[in-house]
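A.B. asks: Predicted model and sequence follow; I will ask about them next.
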Amino acid sequence: MANFSTKTEGKWFYFVPGDESKGGVCLRTLPIKEAKNIRKQCTSKKKDVVHGQLVRSDEVDEETNSRLVWQYCIVDWKNVQIDGVEVECNAMGKEKAMLCNDFVKFLMPKIDELNERNQAIDELTDEEEEARIKN
């Protein structure tokens, strides 16, 4: 029997590997259901008249979509400073941090690592998956 979990606590990535005291960021991947929910929140229906015909389309607020994705994916952090000022891990702090190129450069490979890890788990054979779940 496979035992799956819906928990999405996240994984810590430290600024200095192996040294939690220097701080780090806890990240989680974006599940499909949550991505759809966020996309829905950022999408509005648009109506235009083109050549005398009513045309309906969806308009996505990409900035809001991006902000909500990071609100979800960044679970927590410790010792994050921008321009020498410590930033709290809240909605405003996350927005400020995501405007900092150095912070984004740290995060992006970590998100890729999480996604690759999940892809590797998806590609496990039944025997490998069973062994992973037991551990």
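C.D. replies: Thanks, I have it.
A.B. asks: How about residues contacting the helix or strand hosting residue 34?
C.D. replies: Following DSSP states H and E, the helix or strand that holds residue 34 is helix 32-41. Identification of contacts with helix 32-41 by Cβ atoms under 8 Å, 6 or more residues apart in numbering yields 30, 60, 64, 65, 68, 69, 72. Placement of C-beta: from N, CA and C, glycine included.
A.B. asks: Which two among those residues are spaced furthest apart?
C.D. replies: The most widely separated members of the contacts of helix 32-41 are 60 and 72, with 16.6 Å between them, by Cβ to Cβ.
A.B. asks: picking up where we left off before, can you redo the contacts of helix 32-41 as JSON lines, where the extra columns are secondary structure, distance to residue 8 and pLDDT?
C.D. replies: Shown next, in JSON lines, are these (DSSP: H, G, I helix; E, B strand; the rest coil; distance: Cβ to Cβ, whole Å; pLDDT from 0 to 100):
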{"residue": "30", "secondary structure": "coil", "distance to residue 8": "9", "pLDDT": "91"}
{"residue": "60", "secondary structure": "strand", "distance to residue 8": "24", "pLDDT": "89"}
{"residue": "64", "secondary structure": "helix", "distance to residue 8": "21", "pLDDT": "94"}
{"residue": "65", "secondary structure": "helix", "distance to residue 8": "19", "pLDDT": "93"}
{"residue": "68", "secondary structure": "helix", "distance to residue 8": "15", "pLDDT": "95"}
{"residue": "69", "secondary structure": "helix", "distance to residue 8": "14", "pLDDT": "94"}
{"residue": "72", "secondary structure": "helix", "distance to residue 8": "9", "pLDDT": "95"}
